[in-house]
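A.B. asks: Dropping the sequence and predicted coords here.
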Number of protein chains: 2
Amino acid sequence: MSEYRAPVREMLFVINELAGLEELGRLSGFEEATPDLVEAILEEAAQLAGEVIAPTNRIGDATGTRVEDGQVRVAPEFSDAYRQYVEGGWAGLAGNPEHGGQGLPFLINIAVEEMWQSANLAWSLCPLLTQGAAHALEVHGSDELRTEYSPKLTSGEWTGTMNLSEPQAGSDLAAIRTQAVPEGDHYRISGQKIFITYGDHDMTDNVIHLVLARTKDAPEGGNGLSLFLVPKRLPDADGNAGDLNGVKPISVEHKLGINGSPTCVLSFENAVGFLLGAEHNGLACMFTMMNHARLNVGLEGVSIAVRAYQQALAHARDRVQGSALGHEGRVTIIHHPDVRRMLMTIKAEIEAMRAVAYVTAAELDRAGHELDPQVRAAYQARVELMTPVVKGWITESGQHLTSIALQIHGGTGYIEEAGAAQHYRDARIATIYEGTTGIQANDLVGRKIIRDGGAALTSLLDEMGQFGEQWNPSDGLASVRDAYVGAVNDLRESAAWLLANYKRDATIAGSVSFHLLMQMGLVTGAWQMSRAAICAADKLAKGGQDEEFYGAKLVTARFYTEQILPRANAHGSAIRSGGETTMALGEEQF
Amino acid sequence: MSEYRAPVREMLFVINELAGLEELGRLSGFEEATPDLVEAILEEAAQLAGEVIAPTNRIGDATGTRVEDGQVRVAPEFSDAYRQYVEGGWAGLAGNPEHGGQGLPFLINIAVEEMWQSANLAWSLCPLLTQGAAHALEVHGSDELRTEYSPKLTSGEWTGTMNLSEPQAGSDLAAIRTQAVPEGDHYRISGQKIFITYGDHDMTDNVIHLVLARTKDAPEGGNGLSLFLVPKRLPDADGNAGDLNGVKPISVEHKLGINGSPTCVLSFENAVGFLLGAEHNGLACMFTMMNHARLNVGLEGVSIAVRAYQQALAHARDRVQGSALGHEGRVTIIHHPDVRRMLMTIKAEIEAMRAVAYVTAAELDRAGHELDPQVRAAYQARVELMTPVVKGWITESGQHLTSIALQIHGGTGYIEEAGAAQHYRDARIATIYEGTTGIQANDLVGRKIIRDGGAALTSLLDEMGQFGEQWNPSDGLASVRDAYVGAVNDLRESAAWLLANYKRDATIAGSVSFHLLMQMGLVTGAWQMSRAAICAADKLAKGGQDEEFYGAKLVTARFYTEQILPRANAHGSAIRSGGETTMALGEEQF
């Protein structure tokens, strides 16, 4: 019913023209990442995504998951797709070459990741979490642990999880109670974890849990937490999955969406666990994974919107309703202006969001591979600033876009068999897990803006400002430039307001944080759309280029600045109104 | 898990202070509608809604509906609630006294309707459609038909439906193919209808269908349609439900939400039908119901948001996570600014939407009961202008608010057992049925603005403008006044732009229509919030009033103008950018 065809051309445009693949390829370690190789990789991934993974999307939603004899079962089609994914070597694309990975830039991985997510969001969570676990192990694991576990996580032969939440500890990790008791070279872990995505499944013969727990006599709060590696099955003498450890899936949740993926309650009963990093340093270790994981989850807003868009577009091209001036008889609904408005809105926001996500991924690559430590640090600061924006803004928007895609279907959109509703349900999780939008917004204003006195943000604003000043627009783009410059200035005012006022009252930063996150997303989106338009105008001026593709870039950039970007200023107004009314009511006045 | 307590006080405030119950009570026919009676009615309705209907909401979602031996079955709990509703005389609250109705203002009915909808949206659709059918019959039925059917529809003993959609005819009613062949004093109806809400059920022993069909040799398109009354069972000699007519439920849809309500495919096979109104005048007859029905469906945006809000509020008061400055230990999440922002957003938008919906309902009452025909006509024009705004803006916002309510729950919100997800799923239909938002926006710009050269809109703008000019704000409300006046001026610019430009290109009106609808909703919302704030300030100045309630009104009005209203200007910017990019791409460029 709903097919998926990866937008390889769009992805390559962003990778090459906006995220700067060529420059990245000059960095040590990335020499192999040539434009030709990347194109070949994307074409191959597109085939796997479209032909193998995408057809499992509806099946997983209908089948769901279940616990059977202490073992979680997923749709058999998921296992088959996963096997082909592992056999194709996709799991280790950006993995450490020492452990069998290909060491390609995260920028390439994120494009491939977008395909898996669009093809089947529920399925894609398992690869995503496995890469996160592999990465954390690389950074914090002892040599012994890395030798034993890294190759199998890098190849995807075993999968990984993040075990954070407990019933009383959701956003508030400091409230975690799971206990770790030392015993020889390892610990014994006991407690209950909830909301564990792919906490158990039957796609592979082992699952490696990364578990936040509290050692005995550890300080209260977040500073008492340590991170442990707890395998479902302990490796035997040959390094293969051996005896069961003390981890049991108790139940799987009945969710609004992503029904193909098991969301588990896990019970740890005296399970053998190995310390990652130092004792009491668990939160910091967990946060190592966060930049990667949050960028990847942010990307889900792009991916699910793409899937929903493709289906809505097919419907709009197919469904005949009403008439239109200049056309004989009944017309397909893509001829109706309001349907066009909806399609353009989805298209323009997807392009802005994808560009921001990919550019941030490339910055993460540079933060790791640039030679100059100062340059590395600057990229690191930029990535840290943008990570909550990518996670928060893109997932919020992605959700809204799946709603518009459903709307394009009219009454059919509300019928489950049509499939549009699944995207709408699936997308709804992305603003919640891996830190809610509120948590992202808090991270943004607290850790990423106020903590460095606005330095990283000022650097971004200056760069965006200079870009606007130096932009001498060709015909047709003057209005885009003006709207962009206005929006950057408005964002600058919001930032200045925050830095001047947050000390007045402890609640002010939190009251305006969501609006600042959204404003930053919309404005950085406009920056990338402007860069795309300039590039397209250049290509068109040179002639001989694909006029349809680059012509569309000009129109889409204009649409974005005219119809989407004004929302940024609305967020700015909300910020500068002061947020005092947010906390003004007594609890009983609600 | 999720209880519902009708916000009677909020409703009475709007009814008395904003919608002008006292003035309404001076009109002929409405003398009984005294504030005391209305309060008593609302308290009684609140009891039925909270204690009887609300507990069936989760049950209906879990049970769903099914076809069994050619008969649709709904949850037995629905039948019991419906019986109590009929026995309490609620069905005929605003019905014609000649047929057993109480003839009370639609303003009162809409408040009661809000309660049914909040309590159980899926259930409430049956009363809603029955009232619509009863109203259409009153206006268009012959004396004979009215004698036979009106008392039973007015009392709710029998229920009603609207049969419009066919597979090829959704928004495009002109494409309807169902046939009507004359036979003596009646017709024979044959064809298939889809998406028929409560098209069949086992709560009552008869269902009265209003069916749009095409008589033989009728002109093509909408002008060839006629409206027919087709009972499920033909009345016997005593007027009771007798033999089955030729209408059969074929199947019920598997939907995203409102699962307690059957959405039927109905097959009409030579069914006996009776003409309502004149032949070929079916669309006009159907549109008689539209103002009522669209206001009622618009109201659903308020109602479902209220239910979701109450649950989110209870969660925010209960769930302990994290700490807050000035509070010892862990705190409930209502102490966190971003949670407050979400609660305030829902609260403020609900109050604005309810006020606009109720005020429009009161205007509808006046359009029918004022003595002076010119005054009646002015109210009628206002109601017609505002109807698509109430339907479109309120349902779009209501959906968004249920999403925020889910977000307040964090991970729990995504788990079906928690209930927040049901509201989110249920709300999603409201922007689709009874005319999608696109259809409402089209109606607004085409029939309600361009057709009269902007007269009705100008009258509204002038009234809102004068209100702003005459408003000499007390301390604390100056910023509200200024923001309001700015927003009205911005809307005026949007309207002027549309009227000056729509002739340039046939697609312009449709390209900007959605934004104009949303801008009108947000600005008329600000008008009512301002009126509420002025009233509250007066009450507080007089002293001795409920300071908590009226104090909250001042804060909420400020929050609305500071954090919600700026979106109106964003829609204004989008309108005045011209919408040219909306239609600029070729179909293949998407």
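C.D. replies: Nice, I can see it. Please read these numbers as outputs of a predicted model, since none were measured by experiment.

A.B. asks: Which residue ranges of chain A form strands?
C.D. replies: A:66-68, A:71-73, A:159-163, A:179-183, A:186-197, A:207-215, A:225-231, A:233-235, A:241-244, A:247-252, A:263-276 (DSSP state E).

A.B. asks: Now render these as JSON lines, adding distance to chain B, mean pLDDT and mean neighbour count.
C.D. replies: Every C-beta, even on glycine, is put in place using the N, C-alpha and C of the backbone. As requested, those are exported to JSON lines (distance: least, CB to the nearest CB, whole Å; pLDDT from 0 to 100; neighbours: other CB atoms under 10 Å in any protein chain shown):
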{"stretch": "strand A:66-68", "distance to chain B": "15", "mean pLDDT": "98", "mean neighbour count": "13"}
{"stretch": "strand A:71-73", "distance to chain B": "17", "mean pLDDT": "98", "mean neighbour count": "18"}
{"stretch": "strand A:159-163", "distance to chain B": "13", "mean pLDDT": "96", "mean neighbour count": "27"}
{"stretch": "strand A:179-183", "distance to chain B": "19", "mean pLDDT": "97", "mean neighbour count": "16"}
{"stretch": "strand A:186-197", "distance to chain B": "5", "mean pLDDT": "98", "mean neighbour count": "22"}
{"stretch": "strand A:207-215", "distance to chain B": "16", "mean pLDDT": "97", "mean neighbour count": "25"}
{"stretch": "strand A:225-231", "distance to chain B": "15", "mean pLDDT": "98", "mean neighbour count": "25"}
{"stretch": "strand A:233-235", "distance to chain B": "28", "mean pLDDT": "98", "mean neighbour count": "16"}
{"stretch": "strand A:241-244", "distance to chain B": "27", "mean pLDDT": "98", "mean neighbour count": "14"}
{"stretch": "strand A:247-252", "distance to chain B": "11", "mean pLDDT": "98", "mean neighbour count": "20"}
{"stretch": "strand A:263-276", "distance to chain B": "8", "mean pLDDT": "98", "mean neighbour count": "22"}
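
A.B. asks: Kindly reformat those as CSV containing distance to residue B:472.
C.D. replies: Putting the strands of chain A into CSV (distance: least, CB to CB, whole Å) gives the following:
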stretch, distance to residue B:472
strand A:66-68, 67
strand A:71-73, 67
strand A:159-163, 58
strand A:179-183, 65
strand A:186-197, 54
strand A:207-215, 59
strand A:225-231, 58
strand A:233-235, 76
strand A:241-244, 77
strand A:247-252, 62
strand A:263-276, 57
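
A.B. asks: Bridged to the nearest residue to residue A:273 once chain neighbours are set aside, which residues?
C.D. replies: Distance criterion CB to CB, 6 or more residues apart in numbering or on different chains; nearest residue to residue A:273, sequence neighbours excluded, is residue A:228 at 3.6 Å. Beta-bridge partners of residue A:228, counted by DSSP bridges, are residue A:211, residue A:275.

A.B. asks: Please name the residues that touch residue A:228.
C.D. replies: Counting by CB atoms under 8 Å, 6 or more residues apart in numbering or on different chains, residue A:228 touches A:180, A:187, A:189, A:210-213, A:273-276.

A.B. asks: now residue A:258
C.D. replies: Contacts of residue A:258 (CB under 8 Å, 6+ apart): A:121-122, A:125, A:425-426, A:429.

A.B. asks: Out of these, which comes closest to residue A:385?
C.D. replies: Ranked by distance to residue A:385 (CB to CB), the contacts of residue A:258 are led by residue A:429 at 24.8 Å.
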